[in-house]
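Trainee: all I have is the shape, not the residue letters:
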């Protein structure tokens, strides 16, 4: 039956309305409408919302702890990958920030991405316009690192390969301000780690090249709103300054390479910044005025007044001849202090067991030694080794002064010693974590030593006048460990051992410890006993720092893989392990419940 023309015309009109009109269909977008951006305040940084991860270790006390507990010991076995995204090439050790449903991910070579946290869709990407000649001055591989960024106000804040600190608009990725810290041509430094923000001040450290001299070895504070420099603290004293005498007759211009190349911690109540420092160049002290000189402030914990940069107190962990830096995370914990004799090697005899103290604790250096100090005064409370070490022979409990093992202290060119740990740890930049649920700290540690020779002819570490060869700790075939240590007693609560070298950790309110290894495995451990409750093979070394966050009531876990110098070093000790090398970001969650 043929339709009449009016009927057919009406049909075509209705059809066009259905097909063409947006009013008649529901349109879904892969880019959900995001809530207006709420500026991040200092109060938010000092007490972040449970859903957020607003800085390197989530909180200014560097715990690496998320209170989220939707994913827990009972259900972590159901964890599933939600999305993954490739990252830019280069040395990859990034930590995403999570805020307002967005992940802000630092990539190698000063690339920062804003990514939808629930879907993995790219929102914006910023790539800093670097000078063509910058790599000639700052080197290559290590200079590519971009471990962490900060957030404050409307800005994402970072340090750059060309030795600036800069801010981006968090909603667009456009540069808001940039301030030169050092001239990379005359005072080059490595900016592998980014800032924290302490009461509106952007605090950054850096690793300083030998050719940059002592003026390149600085910790700085900048105004988070404008980028204006507020203060600058050198880590090498000038003649006439306190600590100058510890360099003997070494001219000021020959005092070099005391870097502060990892991320600091901050106590708002005490208004103190805590940051650690590195070895000198050269490392063997007989080449630098004398093997018994302290050469301040190398391998120290520095407590700085956050308003002025003044050194309030310092503690030197060891006089370093072997490139055993001490710049790593400092955990700020309020705890009873009752070191257990038999489990702890060095204890302050004045300590009253069980007294509550504000402490700075953890494993700050490559030796793998745990130190607990009073964070108000710097008083030594206790210390104890973890992995096998032959560097520190003794620590005076009353003064905290360490005594190096004379058998491994260099006295001449050509001398070779076995350093345990070696120059990649022990402990290195891969971070440990603390859980307030257990008052326990958890650390990724490695059984590795090094044959080290003092040389003036280059070698594996020419910057330090050292030739090195990494080797397994004698008598051990196990490289990787995760060690749980009581913050109160110093006793090892549990020890997980495995063939592959272990990497950074995170703790959660669900009673879990998340962490990876150089063979691409990402694990969830039980905080109480170390049992592995979940594991996945991500294919490449887990080189990024894990985080946890929530969007619309759903908890996620994120971690990244890639290429890093320490991962390559540990894989050489386990040649049967052959992971791929790919820079990727992975995000996991529990399956959504059916409504």
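Mentor: On my side now, so go ahead. Treat the numbers as computed from the prediction; the structure is a model and nothing was measured.
Trainee: the strands in the stretch 51-200 of the chain, which residues?
Mentor: 65-66, 80-86, 97-99, 102-107, 111-116, 122-127, 150-152, 155-159, 164-169, 175-180, 189-190, 196-198 (DSSP state E, counting those that start in this stretch).
Trainee: and the next helix or strand after the last one, what does it pack against?
Mentor: Moving toward the C-terminus from strand 196-198, the first helix or strand encountered (DSSP states H and E) is strand 201-204. With contacts defined as 3 or more CB pairs under 8 Å, 6 or more residues apart in numbering; DSSP states H and E, the secondary structure elements packing on strand 201-204 are strand 196-198, strand 218-223. Glycine gets a C-beta too; all of them are placed from N, C-alpha and C.
Trainee: what strands line up against the shortest one, and which way round?
Mentor: For strand 196-198, the paired strands and their directions (DSSP bridges) are strand 201-204 (antiparallel).
Trainee: off-centre distance for the partner strand?
Mentor: With CA atoms, centre = their mean, to the nearest Å as the basis, strand 201-204 stands 16 Å off its chain's centre.
Trainee: contacts only, for residue 144.
Mentor: Listed by CB atoms under 8 Å, 6 or more residues apart in numbering, the contact partners of residue 144 are 90, 91, 108, 109, 161.
Trainee: how about 6 Å then?
Mentor: Contacts for residue 144 were tallied using CB atoms under 6 Å, 6 or more residues apart in numbering; they are 90, 91, 108, 109.
Trainee: greatest separation within those residues: which pair is it?
Mentor: Using CB to CB, the two most remote members of the contacts of residue 144 are 91 and 109, lying 8.8 Å apart.
Trainee: contacts only, for residue 66.
Mentor: 508, 548.
Trainee: tell me the spacing between it and residue 45.
Mentor: Per CB to CB, to the nearest Å, residue 66 is found 15 Å from residue 45.
Trainee: in TSV: the helices and strands packed on strand 201-204, plus mean pLDDT, mean neighbour count and distance to residue 289.
Mentor: Converted to TSV, these look like this (pLDDT from 0 to 100; neighbours: other CB atoms under 10 Å; distance: least, CB to CB, whole Å):
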stretch	mean pLDDT	mean neighbour count	distance to residue 289
strand 196-198	98	26	34
strand 218-223	98	23	22
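Trainee: ok so, going back, which of the contacts of residue 144 sits closest to residue 497?
Mentor: Using CB to CB, residue 91 comes nearest to residue 497 of the contacts of residue 144, at 27.7 Å.
Trainee: look up the pLDDT of the closest residue to the closest one other than its chain neighbours for me, please.
Mentor: For residue 91, ignoring the flanking residues on the chain, the nearest one in space by CB to CB, 6 or more residues apart in numbering is residue 144 at 4.3 Å. Residue 144 is assigned 94 on the pLDDT scale.
Trainee: now the one 10 residues further on
Mentor: As summarised for this prediction, residue 154 has a pLDDT of 98.
Trainee: picking that back up, including distance to residue 579, could the helices and strands packed on strand 201-204 go into CSV?
Mentor: Shown next, in CSV, are those (distance: least, CB to CB, whole Å):
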stretch, distance to residue 579
strand 196-198, 32
strand 218-223, 36
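Trainee: so for residue 329, which of those strands sits nearest?
Mentor: Nearest to residue 329 among the helices and strands packed on strand 201-204 is strand 196-198; the distance by CB to CB comes to 11.1 Å.
Trainee: can you tell me what sits against that closest one?
Mentor: 55, 150, 152, 203, 224, 264, 266, 306.
Trainee: and of the residues you listed, the nearest to residue 325?
Mentor: residue 264 (14.7 Å).
Trainee: quick one: that closest one from residue 274, how far?
Mentor: Using CB to CB, one obtains 6 Å as the distance from residue 264 to residue 274.
Trainee: likewise for residue 196?
Mentor: Using CB to CB, residue 196 is found at 11 Å from residue 274.
Trainee: ramachandran coordinates for residue 581?
Mentor: Listed backbone geometry of residue 581 is phi -130, psi 100, with angles given as degrees, to the nearest 10.
Trainee: what is the burial count for the residue nearest to it when sequence neighbours are not counted?
Mentor: Closest residue to residue 581 apart from its sequence neighbours, by CB to CB, 6+ apart: residue 563 at 5.0 Å. Per other CB atoms under 10 Å, the neighbour tally for residue 563 reads 20.
Trainee: tell me the spacing between residue 563 and residue 542.
Mentor: 12 Å.
Trainee: so what's the residue count around residue 542?
Mentor: By the criterion of other CB under 10 Å, residue 542 has 31 neighbours.
Trainee: that one: what's it in contact with?
Mentor: Contact partners of residue 542, counting by CB under 6 Å, 6+ apart, are 503, 516, 522, 561.
Trainee: quick one: which of these sit in strands?
Mentor: Of the contacts of residue 542, the ones assigned to strands by DSSP state E are 503, 516, 522, 561.
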